[in-house]
Structures are given as structure tokens and as C-alpha cells.
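Colleague: Pasting a predicted model and its sequence here:
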Amino acid sequence: MPDIARRFPENPILCPKDLTPSRAGLEIVCLLNPGVFTFKGKTWLLIRVAERPEQKEGVISFPVLTENGIDIIAIAENHPGLDATDPRVINYKGADYLTTLSHLRLVCSDDGINFYQPEGYPLLQGEGEDEAFGIEDCRVALIDDTYYLTFTAVSGHGVGVGMRSTKDWKNFENHGMIIPPHNKDCAIFEACVNGKFYALHRPSSVALGGNYIWLAESPDGIHWGNHKCIIKTRSGLWDSARVGAGAAPIKTEAGWLEIYHGANEKHQYCLGAFIMDLNDPSKVLARTEAPIMLPKEDYELHGFFGEVVFTNGHVVNGDELTIYYGAADEFVCGAKFSVKEILGALVYF
């Protein structure tokens, strides 16, 4: 399978040890899947930071948000009611919990490679019962002078899409859960089409249908409807088990270009692309048959959850597309692509 990514020689550009935990007693396990934007002449990443209590021998412990802050639940690892075979999710007495608690943290860079955490900007954490297990994998869309943040809101209620907006990255308006469970991978277009806002999203079904990419429209960017399934999994290919949107689609002369992730039954995550009609995004015109990027470097193959490249953020500069991505669910990396080369890899229907 071809791989047309030009990875940063400096990869990984951020590792868990590069940031400090949000509070004493927690450790950063993973840095994942940053949202990306430009602001005040710098490149910014809104990184998902996954934390857990420092683990002790014979005990499984994990954090949960409450009204009073973070509670730590500790369970003997040999408890008969505990299933901890998945490093990401455990089941205790029939209820699912995440092994880590994620928040979103801002870092910025003058050169797009060396990032640091600036002073005076808040951590974005879960708020309320629908975000009790944290917030994850944020996409950032700039429309006029407002940044819209769509992210995965996780709780015992399920996994849905939350949204906040900001103009200055210091003051935020919380719009609540804009798409209820089970849903994630929501990317808003950065321009209206025929007076309407559009967004890609990914409902999930465990029994009927599948993990497909859908399109929604809105009169105001907050209330969404007229949902339509536009991209499905493909049996026997690299995206046979699930697909999901990356960042905001890129407007090109050929159409709205979307970089998306796909996974197979072995949970190997790769990146591909498809393109939608400029005037009617519900019309998918073409799609890559092979991935444009697949996990092959050691930092992509081995980590918290290996064989993963996953993106929900990029910067476009003419033909140069700089994608920031999560590798092996542990590291933040970067790679450059040619937009023309991606367009050339599309197969039209």
C-alpha cells in the first residue's frame, strides 16, 4: 500500500513526559489527536491529554470527574467483577469505565515543530454529567472570527459530541451536547454552503448498519439536522471496520477534500481521503482506494495502542498540507502532504 506522507524528522514532536500532569497524584499516559488552528501568528495544538493515577502493584485505579473535582476509583486487579483486558476501557460489575481521564490542553509554536505550553490559557476539562469521563479528540473550525470546538464527550451515558466556542481562547461559551450518543468524529466545514452550515460526524451501531461517516446541516452551526450517510466501510480493505472524519474539509477547485481515518478488523488505523461536491457536499465524487498514510514507523507501531495514525487537525498553506496526528495513541507527530498529490490519488466514481 502506498504512503505519501513526509513525516517530520523530529517525530514524535510531543511525548507524555513533555507536559506536566494537571494535578498532583496523576500521571500523563498519552498525548493524542490534537485539534489544530492558527492564532496570533502561531500554530496551536489543542491536545487530548490522557491521565490516570500513578498505578500501584495489585491495584487498578482510574479517575472520574464529579461535581467536587476528580475522584479516584481503585479496584484490586484480581477482583472477580473486573475485566481489564483492554488498555483503554475496563468493565467493573457490568459498568464500563475509561482507564484514563482526558482533558484538552493548548500548546503553541513559532515554527510548527517545537511546541510549548503558553501561560494564561486554561485547560479545557469535562463539565457536567455528560462529560464525567472526560473530553477527547477536538476538531477546531474557524468561521468568521469565532473558533468552534467539537469534541467527544464521554460519560456513563455514552459517547456524544460536545461543542464550545471562543474568540480569544480564554473565554468559552459551552453549547452542550450538540449530537447525542453514540456519536463522535464531528468536523464542521469552515464556510457555509448555500447559506447552510455543514458538518461530518460518525454515529455508531453495534448490531445494524455500521461505523459510517454522515453529513449534517444547520442554520446556525449549533442545531443540526437533515443527516445523511455518505461514506461507508469497505469489506476487505484497510477501512473495513470503521471510518471517521478528520478535521474540517479543505476547499479546493475540485471540491471539499476530507482526510479521514479508517480501521480494519485488526484495529490498524490508516488515513485516506474523499472529495465532496462544492455546492452539494452530500455528493461524494471520489475516494482513495489505498491509504495515503499507514502506521509504519516505530512510534506509530508501538505505544499505548499500537498500529495507529489518527488525525483531526491540519494547517493548509497553498499546496502544502501539514497534518498533526496521534501515533500509537501515545505521541503527537507531524507530516506534510501535497494537496495535488492527494487529489491525484482519488478514484472517481
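Modeller: Ah, there it is.
Colleague: which residue ranges form the helices in the protein?
Modeller: For the chain, the helices defined by DSSP state H cover 298-301, 339-345.
Colleague: who does the longest one touch, helix- and strand-wise?
Modeller: Based on contacts counted as 3 or more CB pairs under 8 Å, 6 or more residues apart in numbering; DSSP states H and E, the elements that helix 339-345 packs against are strand 250-252, strand 255-263, strand 269-276, strand 320-327. C-beta coordinates here come from the backbone N, C-alpha and C atoms, glycine included.
Colleague: Quick one: closest of the ones you listed to Gln55.
Modeller: strand 320-327 (22.1 Å; CB to CB).
Colleague: buried stuff in that closest one?
Modeller: 321-327 (16 or more other CB atoms under 10 Å).
Colleague: and it with strand 269-276, angle?
Modeller: With axes from the mean of the first three to the mean of the last three CA atoms, to 10 degrees as the basis, strand 320-327 and strand 269-276 are set at 140 degrees to each other.
Colleague: partner strands of strand 320-327, parallel or antiparallel?
Modeller: strand 309-317 (antiparallel), strand 331-338 (antiparallel) (DSSP bridges).
Colleague: Check the offset of it from the chain's centre.
Modeller: The chain centre lies 12 Å from the centre of strand 320-327; the measure is CA atoms, centre = their mean, to the nearest Å.
Colleague: just the CA coordinates of it, formatted as CSV?
Modeller: Only the C-alpha atoms of strand 320-327 are listed here, as CSV (Å, rounded to 0.1, in the frame of the first residue of the first chain):
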residue,chain,number,x,y,z
GLU,A,320,1.2,22.1,1.4
LEU,A,321,-0.9,20.3,3.9
THR,A,322,0.6,19.8,7.3
ILE,A,323,-1.2,17.2,9.3
TYR,A,324,-0.7,16.7,13.0
TYR,A,325,-1.6,13.3,14.2
GLY,A,326,-1.7,10.9,17.1
ALA,A,327,0.6,8.0,16.8
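Colleague: From Gly81, how far out is Ala94?
Modeller: Just so we're on the same page, residue 94 is Gly rather than Ala. 8 Å (CB to CB, to the nearest Å).
Colleague: err, Phe39, not the other one
Modeller: For Phe39, the distance to Gly81 - CB to CB - is 47 Å.
Colleague: Compare the two (neighbour count), which wins?
Modeller: Legend: neighbour count by other CB atoms under 10 Å for Phe39 and Gly81, higher for Phe39 (15 against 11).
Colleague: ok, and the closest non-adjacent residue to that one?
Modeller: Distance criterion CB to CB, 6 or more residues apart in numbering; nearest residue to Phe39, sequence neighbours excluded, is Trp169 at 6.5 Å.
Colleague: Contacts only, for that neighbour.
Modeller: 39, 44, 106, 121, 147 (CB atoms under 8 Å, 6 or more residues apart in numbering).
Colleague: Looks like the fourth one contacts Lys170 (just checking).
Modeller: It stands for Tyr121. Yes - counting by CB atoms under 8 Å, Lys170 is a contact partner of Tyr121 at 6.3 Å.
Colleague: Neighbour count for these two, which is higher?
Modeller: Of the pair Tyr121 and Lys170, Tyr121 is the one with more neighbours under other CB under 10 Å, namely 15 against 9.
Colleague: For the closest residue to that one other than its chain neighbours, name its beta-bridge partners.
Modeller: Distances taken as CB to CB, 6+ apart put Leu106 closest to Tyr121, at 4.8 Å, once the chain neighbours are dropped. Leu106 has these beta-bridge partners by DSSP bridges: Leu46.
Colleague: What residues does Leu106 make contact with?
Modeller: 44-47, 117-118, 121, 169.
Colleague: For those residues, work out which two are farthest apart.
Modeller: Ile47 and Trp169 (13.8 Å).
Colleague: So the residue of the chain most remote from its centre versus Arg234, what's the distance?
Modeller: Distance from the C-alpha centroid of the chain, by CA atoms, centre = their mean, peaks at Pro80 (33.7 Å). Distance of Pro80 to Arg234, computed by CB to CB: 41 Å.
Colleague: ok, of the buried residues of strand 320-327, which one's closest to Val140?
Modeller: Tyr324 (11.2 Å).
Colleague: tell me the pLDDT at that closest one?
Modeller: At Tyr324, the pLDDT value in this model is 98.
Colleague: Hmm, it is touching Leu45, no?
Modeller: Yes - counting by CB under 8 Å, Tyr324 touches Leu45, with 6.0 Å between them.
Colleague: Next, show the common contact partners of these two.
Modeller: With CB under 8 Å, 6+ apart, Tyr324 and Leu45 have common neighbours 34, 36, 313, 332.
Colleague: which ones are touching the third one?
Modeller: Contacts here follow CB under 8 Å, 6+ apart; on that basis Gly313 touches 33-37, 45-46, 139-140, 246-247, 323-325.
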